[in-house]
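Student: got a structure for you, letters missing:
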């Protein structure tokens, strides 16, 4: 029996117990939400995790960091390092999106290197292997796709993105819509190129039951990918995106009915005033399934700062109910990130997730704010640093310039408002 | 006659013409909004500005950068440099908040150095001068305050923060509320300390007509300061903050009736779910007067990253109708910023303002997004850089790693989705 099935039978499993305790919520409540598909605990049955991670309703907003080689940069060492940097900086999961070098080797090393759930996009491997045979991506077969999916499951991958909503009908909607950017999802593009060349429906859609079977066997969580997510602000919330969401809602229900945990992937590039609507729409259409958003970035004109554009979008999304934020690094849209950019991306996403948690009313998030407010009022710098998302950076900035009065900072010096008021209000 | 009075008589002044053209809006519409106090063009009548800046309804969201010495760092050169860096990076105004060194000299140099509106907080100078005489801030007199205000006006300051809503009644609300952080506004703290020690009402409130007179004479825009803005997330939107807002609404009306341009300053530290409410509240209570928000930061636990926490808050505020965002630098709550931190703060605030403008439906903001989307689709990197908020940073990141196929980037290399789809959809 899978986790979701045991939850349905009323069992509070070890995973549920551990996650409920860490989140500070009632385990029965978490069990019910897992049973209903509103929360998930991604974990391959073959994997030992150092940290179990719950994603969904009533839980802290989680964040994912993408790592992995590209065809231009294939060093496994660096990707393992990036995965570790991400975990240390506070990522809740990592995804290995490698498309260069020995894909299986890199995947296995990343899975060994981190103690948090690991996700992948198996179709990348199927496409890359087909391309390497010299006949192009379009030469991959259905069996290639499912073989690779099973290989990933056997290797211990905890969650997988499957672009099962990329279908001939969504492609039709895309053509009728007339987008600026068409498709920016790599997995979505691989499948579309294949479908167009082979004049066939997407096997991940048509043979979705085969996917469910593998996911069930290894207890892999399915992350239903949004191949039609907008790639430009002007394309946000269009008919092809919504067509795909409808299909993902149907597929989610089928997977859940079969005892498989599911989350839904979401946009992408979305202007601020459309974010809340997108989140609420997913929650309705997909019957409360956890929503995993990629950013979203709220403008396209700030390449080099997409950790900030996505922190804005991610925070608003989380506040509106998104459960899981995929980080974006400063090098998005420009280059494969290095380890320092991974770290910057994780910190920005953590800020967004925490800000969202305050809006969601998560008690532990508010507790931290209270402690920080009190530490500031007391001018207790040691405590402030210990509560900071990045204590080292905060210390470094403060220590760069020394205040003549040790308890204040050099911004206001002797005219520190906190210090002045403390004296005056005592009287 | 002042600008607002001329606008009321139906005149389209040179300032209105220039700003309307730059914003791409109908000058009659802008004139009406200035007449109603919904938009302002801060400009001291003694000042020549290289760039006129409109702030308010229907206009692009503007951003301010604070510079200025503290008692610990008094180098005028550095502050002039920071002001120039801010202007070059795209700040629409700068405020000189100096409290160390020769205050008048620094102010005059900053006013000369930049071509955009300059703001100050005159009470800082009154307080610092009193403190330097050795009898403390509380020894400043009413006449000191108004003398300094007039000096700033004569020096050409375009807008002034006056904490006229810091009154005995707001202090009473503060005491009854029981905040974590009490007061974090420096100007507000100076006045409160003075009021408590001297057992007197705030002269800027009691003698507000004297303030109006000076502002009218020099055409200085009054920025009604929020001395009671929350300084911790848990203090957001409390009774003392709202008490002050009510008084600021009354004072704004009096100033506008006397022909003086006004904006209202707002919080501060606000959780995401309270931001829109705060903006809409100000717009109602202050009859549409432009709203100048200080951030807001959406969490207190990210010192070192408050350019990001405030970009999140600022973007949401702008989307909800805030007109003017005060930047926050990474060194906020830790230290006086250096020039590089000023630059980072300006860029983050520009991103927030632009993201807000998209939600506001500003046509020029959407035009840029469209151009960027098309440039991305075409893989036209030169055009992408030219449209970027910070072309140099974007270039640097891209050039750090060279793609083997020149038209793509190293994130996806040969598997670039845009490139793949372009080919496939052609068929």
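Tutor: Sure thing, it's come through. The structure presented is a predicted model; accordingly, all values stated were derived computationally and were not measured. Residues are numbered from 1 along each chain as shown, chains lettered A, B, ... in the order given.
Student: if I look at residue A:127, how far off is chain B?
Tutor: 7 Å (Cβ to the nearest Cβ, to the nearest Å). All C-beta spots, glycine's among them, are computed from the backbone N, C-alpha and C.
Student: how many neighbours does residue A:383 have?
Tutor: By other Cβ atoms under 10 Å in any protein chain shown, the residues close to residue A:383 number 15.
Student: isn't it up against residue A:371?
Tutor: Yes. Taking Cβ atoms under 8 Å as the definition, residue A:383 is a contact partner of residue A:371 at 7.4 Å.
Student: now the helices for the stretch 1-150 of chain A?
Tutor: Using DSSP state H, counting those that start in this stretch, the helices of the stretch 1-150 of chain A run over residues A:3-8, A:14-23, A:27-35, A:76-89, A:103-113, A:122-132, A:142-154.
Student: which residue is the nearest non-sequential neighbour of residue A:28?
Tutor: The shortest distance from residue A:28 to any non-neighbouring residue, by Cβ to Cβ, 6 or more residues apart in numbering or on different chains, is to residue A:12 (6.9 Å).
Student: residues contacting that neighbour?
Tutor: Contacts here follow Cβ atoms under 8 Å, 6 or more residues apart in numbering or on different chains; on that basis residue A:12 touches A:20, A:27, A:28, A:31.
Student: next, the contact list for the first one, please.
Tutor: The reference is to residue A:20. Contacts of residue A:20 were listed using Cβ under 8 Å, 6+ apart, and they are A:12, A:26, A:27, A:29, A:30, A:54.
Student: measure the first one to chain B for me?
Tutor: This means residue A:12. For residue A:12 relative to chain B (Cβ to the nearest Cβ), the value is 32 Å.
Student: any idea how far that residue is from residue A:33?
Tutor: 12 Å (Cβ to Cβ, to the nearest Å).
Student: which strands and helices lie in contact with the biggest helix by length in chain A?
Tutor: For chain A, the longest helix by residue count, based on DSSP state H, is helix A:339-360. The contact analysis (3 or more Cβ pairs under 8 Å, 6 or more residues apart in numbering or on different chains; DSSP states H and E) places helix A:339-360 against strand A:62-67, helix A:76-89, helix A:306-320, strand A:324-326, helix A:363-377, helix B:272-285, helix B:306-320.
Student: quick check: residue A:272 touching residue B:315?
Tutor: Yes. The pair residue A:272 / residue B:315 is scored as a contact, 6.2 Å apart, by Cβ under 8 Å.
Student: name the residues contacting each of those two.
Tutor: A:298, A:312, B:355, B:356.
Student: quick check, nearest of those to residue A:158?
Tutor: Taking Cβ to Cβ as the measure, residue A:312 is the one of the shared contacts of residue A:272 and residue B:315 closest to residue A:158, at 28.7 Å.
Student: who in the stretch 51-200 of chain A is up against chain B?
Tutor: Within the stretch 51-200 of chain A, the positions adjacent to chain B are A:70-73, A:99-100, A:124, A:127-128, A:131, A:137, A:175, A:180-186, A:188-190, A:192-193, A:196-197 by Cβ under 8 Å from any Cβ of the partner chain.
Student: kindly recompute the last result at 6 Å.
Tutor: Proximity of the stretch 51-200 of chain A to chain B is confined to A:70-73, A:99, A:180-184, A:186, A:189, A:193, A:196 under the rule Cβ under 6 Å from any Cβ of the partner chain.
Student: need the pLDDT of the nearest residue to residue A:407 once chain neighbours are set aside.
Tutor: Spatial nearest neighbour of residue A:407, excluding adjacent residues (Cβ to Cβ, 6+ apart): residue A:379 at 4.5 Å. Looking at residue A:379, its pLDDT stands at 95.
Student: quick one: secondary structure of residue A:379?
Tutor: With DSSP: H, G, I helix; E, B strand; the rest coil as the basis, residue A:379 sits in coil.
Student: so it sits against residue A:409, correct?
Tutor: No. The pair residue A:379 / residue A:409 is not scored as a contact, 8.8 Å apart, by Cβ atoms under 6 Å.
Student: and those two? Which one has more around it.
Tutor: residue A:409 (26 against 17).
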